[in-house]
Each structure stands twice: as C-alpha cells, then as structure tokens.
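> This is a predicted model, with the sequence first.
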Amino acid sequence: MTTTIDTLAPVSAPRPARRGHGWRSARSAIGTIPFFGYVAVFLIIPTAIVVIGAFRAPGGAFSWVNILALGDSTVIDAFVASVVLSAVTAAIGAVFGGLLAYVLVTGRPGSISRRIVTAVCSVLAQFGGVMLAFAFIATLGSAGMISNLLRDWLGVETTGAYLYTVPGLILVYTYFQIPLMVIVFLPAVDGIRAQWREATETLGGSTWVYWRRVAGPLLAPAFLGSLLLLFANAFSAYATAAALVTQSTPIVPLKISGAITNEVNVGHADLAKSLALGMVIIVAIVMWLYALLQKRTAKWLG
C-alpha cells in the first residue's frame, strides 16, 4: 500500500501591528507644524486679507468699487510700467547671467575663480533696497563719482535724473538680476555632459547642430524657468524703487505704498489691496509656469 502525504504550504501568521509606527508618523507630522505655521502667518493669512479687502467697501460691505478702480488709466500705466520693467530686466539678466554661467562651467571644475564668482553672485543677488539705491546715487547721481568725472574731464553735465525713472530702475534692477540668474541657472548648465558634444562631433554635427539639437532643447526649460523667476523677482521688488523714486509712483508697488500712506485721500487701504490682488494674480501665473518648467527640467537633471 502506498500512502500519499500531501504537503501543505505553511500558512504564515499575520504580522503584529507595529506599535511605534503610528507614533512615528505623528511625530513626523508634528515636525512640520512650524513650517505650516510660518506659511499660514506670512503667506495664507495676508493673501486672504488682500483678497477679502479688495472686494470690500470702506464701510465693510461687499463692493466692486476697488476692482473697477483697476481700470483707471493711472493704474493701467503702473501695471504696464511694472511689466515692462520686469520683462526687460529679466531678459537682460537671463542673457548675460546665462552666458556667465556657461563661462563658469567651461572652466576647471572646483577652481578658485569659479568659487569666487559664485560667492560674489550669491551676495549681489541679495543686494538691494536702500544700500543699492545709495550705491547708484553715489556713483551716477548728480554729485556721483562718475558724474563728477564726466563733468571735470569731458565737460559733460549730467544730473542723474534718469535714475529716478523707469529706465533708471531698469539699470538698477539689472545689477541684482544678472547674479540671480547665475545662481539659479548654473545647476542646469552643470547638467550638460561633455560626452554629448563629443558624440555630436563624432556623428559629424557642428557646434550649431549641437546647440540646436542637443544642448538648446535641454537647457530651454531651465532658461525659460529662470527667466520667469527673474520676472517675478523684479515685479515684486519694492525697497530699491522706494529708496530711489520718492516724488512719483510709476510702478505698482510704489502705487500701493502711496495708496496706504496718502494723507490727502485717506481710506484708500482697500484700493491698495485691489492693486496687491492684481500683483498676486500675475505672480501666481508666472510661478505656476515656472513650476511646470522646473518639472520638465528635473526629468533630465535627475
């Protein structure tokens, strides 16, 4: 007689639940409370106050008055001037900063010159406000160093009045836009491999073909993303323009300040909030496009 013994697969006992897993998750969530608290206090709550105030009349009732005021010719001119200022300085900063970033990458990796230039750009990208305004006034103002040299050596009289207009702001803003472009665009240029150019040359491609078919398409999202970041940076800048321009309000941030501090026509705080709402919408659109381009860039940088 033959006895068949069926071998049964062992049934594994259910694993006991990890007792500390829930506590670790809760502890990790607790660690994010300071961050979300910071975001709520300095971003969410101010934005909510701006949005609510833009649709509120001086008495507190709902009103479209402040929103309709955005169609005023002076307000439109301020937005146009702000967009032109931001776009021009972003374009100049992107072109020259991108070229400088490429020059740094073509040098020896880890060289002292690259470290020095990167460190200087990190400092100059944050150099603004009253200090930057004073530096340009002391250099190009009516009694500035260069103005005095032009007057004494060449007999050229200059008052430096252009510094206090939108063209002057373009010159001043470019000072910190170029270093900022170097900082934000350098990682993307670093991601370009020398082997890709060698492969292009091996296959008979020229330098133009390499930049048009290989490096250009790869760097385009990062370049455009950096351009948008520079636009948002210039569009929201206030301190430098406020220190330079005191007699007029050619751009939106100065117009908001004027609406708040106006001693002749009081009660314009809600109008200032509608102006700020317009800025928030424009910056939000720009940063949304920037995030999309960053995702595309991260695919090949990673």
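Received the coordinates, thanks. Numbers count the residues shown, from 1 in each chain.
> who touches residue 261 in this structure?
By C-beta atoms under 8 Å, 6 or more residues apart in numbering, no residues touch residue 261. To be clear about C-beta, it is placed using only N, CA and C from the backbone, and glycine gets the same treatment.
> measure it to residue 132 for me?
22 Å (C-beta to C-beta, to the nearest Å).
> Residue 200 contacts residue 210, correct?
Yes: counting by C-beta atoms under 8 Å, residue 200 touches residue 210, with 4.4 Å between them.
> wait, residue 88 sits on residue 169?
No: counting by C-beta under 8 Å, residue 169 is not a contact partner of residue 88; they are 9.7 Å apart.
> Show me what stretch 212-229 is in contact with.
By C-beta under 8 Å, 6+ apart, stretch 212-229 touches 90-91, 94, 97-98, 180-181, 184-185, 188-189, 191-192, 196-197, 200, 205, 286-287, 289-290, 293-294, 296-297, 300-301.
> Run a quick neighbour tally on residue 208.
Counted with other C-beta atoms under 10 Å, residues neighbouring residue 208 total 9.
> Distance-wise, check the nearest residue to residue 251 once chain neighbours are set aside relative to residue 74.
Leaving out its chain neighbours, the residue that sits closest to residue 251 by C-beta to C-beta, 6 or more residues apart in numbering is residue 82, at 4.4 Å. According to C-beta to C-beta, residue 82 and residue 74 sit 13 Å apart.
> Looking at the two, which one has more neighbours?
Of the pair residue 82 and residue 74, residue 82 is the one with more neighbours under other C-beta under 10 Å, namely 26 against 10.
> can you tell me the helix or strand for that one?
Using DSSP states H and E, residue 82 maps to helix 73-106.
> elements contacting that helix?
helix 112-124, helix 166-190, helix 216-235, helix 252-261, helix 269-301 (3 or more C-beta pairs under 8 Å, 6 or more residues apart in numbering; DSSP states H and E).
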